[in-house]
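Peer 1: structure for this input, please:
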Amino acid sequence: MKRKVKTLAIDYFVINLGLIIAAIGIGLFIVPARIVSGGVTGIATILHYTFNLSIGTTMLFINIPLFLIGVKTFGKEYGAKTLFGIIMLSFYIDLFRKFVEIDNVIDFTKGSNFLLAPLFGGILIGVGLGLILKFGGSTGGTDIIAQMVNKITKIPVGYCMMMNDTIIIISGIAIFGIEKGLYAIIAMFTTNVVINKIFEGVGYTKMVYIISDKYELIREIILNDIKKGGTAISAKGLYTDDKKSMIMTVLKNKEIRDLHALIKQVDPSAFIIISEVYEVLGEGFKSLD
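Peer 2: Below you'll find the predicted structure:
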C-alpha cells in the first residue's frame with residue numbers, strides 16, 4: 001500500500017512539473033506570438049484575441065465538457081489524473097500570464113525574434129506534455145474528440161487529431177494571417193518531435209522477457225489488452241529447478257508501461273527483463289522489403 005501511494009505521489013509530482021513547463025510554453029511564448037497551433041489551446045488563443053477572454057479559463061470551460069464526455073465514453077481511462085491536468089494547466093497558464101510579461105524579454109515585433117516563439121514554445125510544450133503522458137496523465141483537449149471519432153468510424157486517432165488541428169490552424173490563419181499559420185506548423189512539429197523523444201524514449205522498441213506463475217493471465221493480457229504477439233520459451237529455475245514458461249515479446253515503450261501496470265495487478269512478483277533492441281523487422285514494425 002505504501003509503495004502504491006509513493007508511486008502515485010511521484011506520478012503527480014512529475015505530471016505537475018510537466019504542466020508547469022507546458023504552461024510556460026503556451027502562456028509565455030505561443031499565445032503572445034498569436035500562434036494557433038491546434039487543439040484547445042488554439043481555440044482559446046483565437047477567442048482570447050477576438051473577445052479578450054482569459055486563456056486558461058477559456059481552456060477550462062472547453063475542456064470540462066470534453067472530460068465529462070470522455071469519462072462517459074471511456075470510463076476510468078479519463079479519471080483523476082486527467083481532471084488534475086485540465087484544471088492545473090489552465091491555472092498555471094493564467095498565473096504565468098498575470099505575473100510574467102514575456103514582451104519585456106522578447107520583442108515579438110522584430111521578425112528575427114518571432115521564430116523564438118514556435119521553437120522554444122514548441123520545445124517547452126513538448127517536454128511538458130511528454131512528461132505528463134509518460135506518467136499516465138493527460139490534459140484532455142480535442143484528443144478526446146479524436147478518440148470518440150475513432151471508436152465510431154475506426155479512423156486512426158492520429159488522423160482524427162491531425163484533422164482537428166488542421167481545422168483549428170486554418171481558423172487561425174483566417175484571423176491572424178498565413179505567416180502565423182506557418183509558424184504554427186513549426187510549433188506543432190517541434191512539439192510532436194519532443195513529445196515522441198520523451199514519451200517513446202531514444203529506443204523506440206524493447207525486448208521484454210516475463211517469468212511468472214500466472215503465465216496464462218499474462219498471456220491473455222498481451223494478446224487481448226496490449227494486442228501483441230510473442231513467444232513462449234520453456235525455462236527452468238537454477239535454484240528451484242522448477243519448470244516454467246517464459247514469455248518473450250517486443251513492445252513499444254508506451255505498451256511496456258501499460259503491460260507493466262496490468263502485470264502488477266495479476267502478479268506483483270513477476271520477473272520482468274527489458275532490453276534494448278537495435279532493429280525489429282516484421283508485422284507491426286518495419287517492413288521486410
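
Peer 1: which stretches of the stretch 1-150 of the chain aren't confidently modelled?
Peer 2: 1-4, 74-78, 102-105, 109, 111-112, 147, 150 (pLDDT under 70).

Peer 1: would you state the helices of it in chain order?
Peer 2: For the stretch 1-150 of the chain, helices defined by DSSP state H, counting those that start in this stretch occupy the ranges 2-25, 39-51, 55-74, 80-99, 111-114, 116-134, 143-153.

Peer 1: what is the last one packed up against?
Peer 2: Read it as helix 143-153. Identification of packing neighbours for helix 143-153 by 3 or more C-beta pairs under 8 Å, 6 or more residues apart in numbering; DSSP states H and E yields helix 55-74, helix 157-176. The C-beta positions use only the backbone N, C-alpha and C, and glycine is treated the same way.

Peer 1: circling back: what about the helices of the stretch 1-150 of the chain, which gets the closest to residue 264?
Peer 2: Nearest to residue 264 among those is helix 2-25 (9.1 Å), distances taken as C-beta to C-beta.

Peer 1: ok, and what's touching that closest one?
Peer 2: 81, 84-85, 88-89, 92-93, 95-96, 120-132, 134-137, 139 (C-beta atoms under 8 Å, 6 or more residues apart in numbering).

Peer 1: for residue 250, which three-state class applies?
Peer 2: Secondary structure, DSSP: H, G, I helix; E, B strand; the rest coil: residue 250 is strand.

Peer 1: most tightly surrounded among the helices and strands packed on helix 143-153?
Peer 2: helix 55-74 (a mean of 18; mean count of other C-beta atoms under 10 Å).

Peer 1: next one: the nearest residue to residue 138 once chain neighbours are set aside from residue 63, what distance?
Peer 2: For residue 138, ignoring the flanking residues on the chain, the nearest one in space by C-beta to C-beta, 6 or more residues apart in numbering is residue 82 at 4.2 Å. The gap separating residue 82 from residue 63 is 9 Å, by C-beta to C-beta, to the nearest Å.

Peer 1: so what sits against both of the two?
Peer 2: Joint contacts of residue 82 and residue 63 (C-beta under 8 Å, 6+ apart) are 139, 140.

Peer 1: still on that earlier bit, what is the burial count for the residue nearest to residue 138?
Peer 2: Neighbours of residue 82 under the rule other C-beta atoms under 10 Å: 24.

Peer 1: what of the one 5 residues further on?
Peer 2: The number of residues packed around residue 87, counting by other C-beta under 10 Å, is 18.

Peer 1: give me the distance between stretch 160-176 and the centre of its chain.
Peer 2: 20 Å (C-alpha atoms, centre = their mean, to the nearest Å).

Peer 1: likewise stretch 49-69?
Peer 2: On C-alpha atoms, centre = their mean, the centre of stretch 49-69 falls 20 Å from that of its chain.

Peer 1: as PDB, could you dump the C-alpha coordinates of that stretch?
Peer 2: Listed next in PDB are the C-alpha coordinates belonging to stretch 49-69 (Å, rounded to 0.1, in the frame of the first residue of the first chain):
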ATOM      1  CA  TYR A  49      -7.700  37.900 -29.200                       C
ATOM      2  CA  THR A  50     -11.200  38.000 -30.600                       C
ATOM      3  CA  PHE A  51     -13.200  38.600 -27.400                       C
ATOM      4  CA  ASN A  52     -10.400  39.300 -24.900                       C
ATOM      5  CA  LEU A  53     -11.200  36.200 -22.900                       C
ATOM      6  CA  SER A  54      -8.700  34.600 -20.400                       C
ATOM      7  CA  ILE A  55      -6.700  31.800 -22.000                       C
ATOM      8  CA  GLY A  56      -6.700  29.500 -19.000                       C
ATOM      9  CA  THR A  57     -10.300  30.000 -18.100                       C
ATOM     10  CA  THR A  58     -11.400  29.500 -21.700                       C
ATOM     11  CA  MET A  59      -9.400  26.300 -21.900                       C
ATOM     12  CA  LEU A  60     -11.100  25.100 -18.700                       C
ATOM     13  CA  PHE A  61     -14.600  25.800 -20.000                       C
ATOM     14  CA  ILE A  62     -13.800  23.900 -23.200                       C
ATOM     15  CA  ASN A  63     -12.100  21.000 -21.500                       C
ATOM     16  CA  ILE A  64     -14.500  20.200 -18.700                       C
ATOM     17  CA  PRO A  65     -17.400  19.200 -21.100                       C
ATOM     18  CA  LEU A  66     -14.900  17.200 -23.200                       C
ATOM     19  CA  PHE A  67     -13.700  15.500 -20.000                       C
ATOM     20  CA  LEU A  68     -17.200  14.500 -18.900                       C
ATOM     21  CA  ILE A  69     -17.900  13.100 -22.400                       C
END
